[in-house]
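**Student:** no FASTA, just this:
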């Protein structure tokens, strides 16, 4: 079983810090503007704007944090199966968010990278080791910078 303090540094502190930049409540995208635009193809999926991707990733982060807290024992420990479940769910949520972004979306690219790293952790016998590899840091820093360029500040 893993101590909560170790998990916090890999699953709580890092993703929360990296995805906090997308927690702005100042996104006032007018949905009427996008609805009024003529559709080029009825089969084309709706593309989510980068600011909205940041907001969705932030919500996934909050959900992951809640699930992580619920999975901890009263002693603040996890068994690897609980940690795998949380990382798998977070990876799936991030993958859906990334898929809703445009093909040229910088934010979607980093969300997809984060999803892939959390999916690797979920598939690993030692999820913490995978999360400590540095790849999560790199994708998270890129994601953080992409959201900052949009004016979405960390809360």
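**Tutor:** That came through, no problem. Note that the structure is a prediction, hence the values are computed from the model and not measured.
**Student:** for the helix or strand encompassing residue 145, which positions count as buried?
**Tutor:** Per DSSP states H and E, residue 145 falls inside helix 135-149. For helix 135-149, a neighbour-count test (16 or more other C-beta atoms under 10 Å) marks 135-136, 139-140, 142-144, 146-147 as buried. (Glycine included, C-beta is placed from N, CA and C.)
**Student:** That helix - what's its average pLDDT?
**Tutor:** Helix 135-149 shows a mean pLDDT of 89.
**Student:** So residue 133, which state does it fall into?
**Tutor:** coil (DSSP: H, G, I helix; E, B strand; the rest coil).
**Student:** Now it: closest residue in space, sequence neighbours ignored.
**Tutor:** residue 117 (7.8 Å; C-beta to C-beta, 6 or more residues apart in numbering).
**Student:** ditto for residue 111
**Tutor:** In space, residue 111 is closest to residue 98, 4.1 Å off (C-beta to C-beta, 6+ apart).
**Student:** Now name the helix or strand holding that neighbour.
**Tutor:** helix 80-99.
**Student:** counting contacts, what elements does that helix pack onto?
**Tutor:** Packing partners of helix 80-99 (3 or more C-beta pairs under 8 Å, 6 or more residues apart in numbering; DSSP states H and E): helix 50-71, helix 106-123, helix 127-131.
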